[in-house]
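Engineer: how does the following fold in three dimensions:
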Amino acid sequence: MQLTQLRRITPCFISIDRFSSIRNHIQQGSFICALLTYKQTRQEGFYNSSVVPLLLKACASLSFLHHVKALHAESIKAGSDCHVVIGTALLAAYAKCGVVRDARDVFDTMPERNFVTWNAMISGYLRNGDTESASLVFGEMQGKTQVSWSQMIGGFARIGDIVTARRLFDEVPREFKDVVTWTVMVDGYARIGEMEAAREVFEMMPERNCFVWSSMVCGYFKKGNVVEAEAVFDRVPVRNLEIWNSMIAGYVQNGFGEKALQAFEGMGAEGFEPDEFTVVSVLSACAQLGRLDVGKEIHHMVEQKGITVNPFVLSGLVDMYAKCGDLVSARLVFEGFTGRNIFCWNAMISGFAINGKFREVLEFFSRMEDSNVRPDGITFITVLSACAHGGLVSEALEVISKMEAYGVEVGIKHYGCLVDLLGRAGRLKDAYDLMIRMPVKPNDTVLGAMLGACRIHSDMNMAELVMKLIREDSATGADSHNVLLSNIYAASEKWEKAERMRRPVVDGGSQKTPGCSSIIFSDSYGLSEVVPR
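Structural biologist: Residues are numbered from 1 along each chain as shown. A predicted model of the protein is given here:
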């Protein structure tokens, strides 16, 4: 073969190989690698419309709007934007990136649409909370499918309009009311805690899938009804990993760490291999119980089985080690991972805070600022609370001054930390002035912190001012604070006033509000939240 012929054929093989590589990257979830490979291919002058829908899906997953627009421009230039598959992928990508107007422009200019296109447009509106536009498109759609009905029901359920969701469910033609449609309705009720209605629909289902069983289990756990969650779990005819994960996570969410570990053992006994969602929940159970020994075993298991160490697993490991008092291991795990997100940073900063390492809290907060991760409201609460317990007044004022720059709203908890800090430092007048001036009404916790500071510094005059505020607001528990005020009077040897404060509490049978702590909990979708226990 002559050299000129070889040069003509070789680039073709290279381009085919690269397009195949793009597909492999996307199938494996390596979206960045796929986009980099495509960029290199385009620089060499090659274009293949068959990979464009896949690339658009990758861009949408990463919210890379600029890349979506670039692919759109290339498709127009190549004349492939008129293809129904590419047009549908374009409008879906625009919608997922939050620019639903651009999605609608693509939809309106498409020469051909199929039912996938219509469903993508409906989904785009629902994703962006525009149920009115979604309803209009749904009404115009000819040949609605099960997906169309399920999307509409689920969309209204997600925004809390369960009445409209149920009306649509009741309107679904019998031939389209499949197991998915029933499941969406049950899940809609379960998500907002209407478990009686969820149970009613659930019991009417002609058949059930694993997801609906999991929705019922999660729904009862979310309501704190552990007994009913267990009863539903026991009825599951064929369990899968997702149902076991729901059970373990539900126990953790409700503070039943031991039961979570027992369920984890039961899952293994039935032959199920844990995934990253299982690991996060079990690590949280270990953190609850202070079971460093079990936590280390889970860490070893993750390494042995090659379980994906995503940012949620990392934050779970850091949280577990820190709450079990092993800050050295927590820091080693943290420093050994490069893809840290907000949950990882918050877990490490919180770990230092709960172990009284207040200077390290500020050090890591500063490191977080230097990274590409922006602190959120939880970060600021943790740092401010650490400053309060460490008596770091100037540092706290500097931290709170940064919140506006990061677009984080200063809420009641942040103000509460400052009131607590100033009170502990003996600056009671400054604390009281802040409490009066802050744009939100002081809640029971803030008022209690202020009274506690008055007790520490034996300031009766300030304590009486705070109690006046408490009595003016019937929403706060004045009786619960009477005990604290009584103690302040007693410390000042004002026995008559101390007795007068305690008498309504004793006569009325009031009880002190029990304290609570919190844990970081990640559900099966990888979302973390702070839940009481």
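Engineer: could you use CA atoms for every contact and neighbour count after this?
Structural biologist: Will do.
Engineer: need the helices for the stretch 351-500 of the chain, in chain order.
Structural biologist: 358-370, 377-390, 393-401, 412-424, 428-437, 444-456, 460-472, 478-491, 495-508 (DSSP state H, counting those that start in this stretch).
Engineer: the last one - what's its average pLDDT?
Structural biologist: Per-region confidence: helix 495-508 scores 52 on mean pLDDT.
Engineer: over to the fourth one?
Structural biologist: With pLDDT averaged residue by residue, helix 412-424 scores 90.
Engineer: re earlier: now the helices of the stretch 351-500 of the chain as a markdown table including mean neighbour count and distance to N310?
Structural biologist: Converted to a markdown table, the helices of the stretch 351-500 of the chain look like this (neighbours: other CA atoms under 10 Å; distance: least, CA to CA, whole Å):
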| stretch | mean neighbour count | distance to N310 |
| --- | --- | --- |
| helix 358-370 | 17 | 18 |
| helix 377-390 | 22 | 20 |
| helix 393-401 | 15 | 29 |
| helix 412-424 | 24 | 30 |
| helix 428-437 | 16 | 41 |
| helix 444-456 | 21 | 36 |
| helix 460-472 | 16 | 46 |
| helix 478-491 | 21 | 44 |
| helix 495-508 | 15 | 51 |
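Engineer: columns distance to K177 on top of those, output as JSON lines?
Structural biologist: Listed next are the helices of the stretch 351-500 of the chain as JSON lines, based on distance: least, CA to CA, whole Å:
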{"stretch": "helix 358-370", "distance to K177": "50"}
{"stretch": "helix 377-390", "distance to K177": "43"}
{"stretch": "helix 393-401", "distance to K177": "53"}
{"stretch": "helix 412-424", "distance to K177": "46"}
{"stretch": "helix 428-437", "distance to K177": "55"}
{"stretch": "helix 444-456", "distance to K177": "49"}
{"stretch": "helix 460-472", "distance to K177": "55"}
{"stretch": "helix 478-491", "distance to K177": "53"}
{"stretch": "helix 495-508", "distance to K177": "56"}
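Engineer: nearest to R191, out of these?
Structural biologist: Closest of the helices of the stretch 351-500 of the chain to R191 is helix 377-390, at 23.7 Å (criterion: CA to CA).
Engineer: hmm, who's touching the closest one?
Structural biologist: 346, 349-350, 353, 356, 358, 361-362, 365, 393, 395-396, 399-400, 403, 408-410, 413-414, 417-418, 420-422, 424 (CA atoms under 8 Å, 6 or more residues apart in numbering).
Engineer: ranges for the strands of this protein?
Structural biologist: In the chain, the segments counted as strands under DSSP state E are 518-522, 528-532.
Engineer: run a quick neighbour tally on Y406.
Structural biologist: Y406 has 13 neighbours, counted by other CA atoms under 10 Å.
Engineer: do N443 as well
Structural biologist: Neighbour tally, N443, other CA under 10 Å: 17.
Engineer: repeat for G339
Structural biologist: 11.
Engineer: can you list the domain ranges for the chain.
Structural biologist: Here the chain is described, according to automatic domain parsing, as comprising the domains 15-127, 144-238, 242-339.
Engineer: quick one: mean pLDDT over the second one.
Structural biologist: Averaged over domain 144-238, pLDDT sits at 96.
Engineer: now V184: how far from M152?
Structural biologist: Remark: distance between V184 and M152 (CA to CA, to the nearest Å) = 10 Å.
Engineer: quick one: low-confidence residue ranges for this structure.
Structural biologist: Across the chain, the ranges flagged by pLDDT under 70 are 1-18, 44-46, 473-533.
Engineer: now with 50, please.
Structural biologist: Flagging of the chain using pLDDT under 50 yields the residue ranges 1-14, 475-477, 491-493, 505-533.
Engineer: identify whichever of the helices of the stretch 351-500 of the chain lies nearest to E265.
Structural biologist: helix 377-390 (32.9 Å).
Engineer: buried set for stretch 269-288?
Structural biologist: When burial is assessed from 16 or more other CA atoms under 10 Å, stretch 269-288 yields the following buried residues: 274-288.
Engineer: off-centre distance for it?
Structural biologist: Centroid displacement of stretch 269-288 relative to its chain, using CA atoms, centre = their mean, to the nearest Å, is 18 Å.
Engineer: send me it as CSV with only the CA atoms.
Structural biologist: Taking C-alpha atoms only, stretch 269-288 is exported to CSV below (Å, rounded to 0.1, in the frame of the first residue of the first chain):
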residue,chain,number,x,y,z
ALA,A,269,-26.6,-12.9,55.3
GLU,A,270,-29.0,-12.7,52.4
GLY,A,271,-26.1,-12.4,50.0
PHE,A,272,-26.2,-8.8,49.1
GLU,A,273,-23.0,-6.9,48.5
PRO,A,274,-23.0,-3.3,50.0
ASP,A,275,-22.6,-0.3,47.8
GLU,A,276,-21.6,3.3,48.6
PHE,A,277,-25.0,4.1,49.9
THR,A,278,-24.9,1.2,52.3
VAL,A,279,-21.5,2.3,53.5
VAL,A,280,-22.5,5.9,54.2
SER,A,281,-25.5,4.8,56.4
VAL,A,282,-23.4,2.2,58.3
LEU,A,283,-20.6,4.7,58.9
SER,A,284,-23.2,7.1,60.3
ALA,A,285,-24.5,4.3,62.6
CYS,A,286,-20.9,3.8,63.8
ALA,A,287,-20.6,7.5,64.4
GLN,A,288,-23.9,7.5,66.4
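Engineer: right, and L421 touches G391 too?
Structural biologist: Yes: under the criterion of CA atoms under 8 Å, L421 makes contact with G391 at 6.5 Å.
Engineer: from the domains of the chain, which stretch is densest packed?
Structural biologist: domain 242-339 (a mean of 20; mean count of other CA atoms under 10 Å).
Engineer: inside helices: which ones of the buried residues of stretch 269-288?
Structural biologist: 276-288 (DSSP state H).
Engineer: columns distance to V99 on top of these, output as TSV?
Structural biologist: Formatted as TSV, those follow (distance: CA to CA, whole Å):
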residue	distance to V99
E276	32
F277	31
T278	35
V279	36
V280	34
S281	35
V282	39
L283	38
S284	37
A285	40
C286	43
A287	41
Q288	42
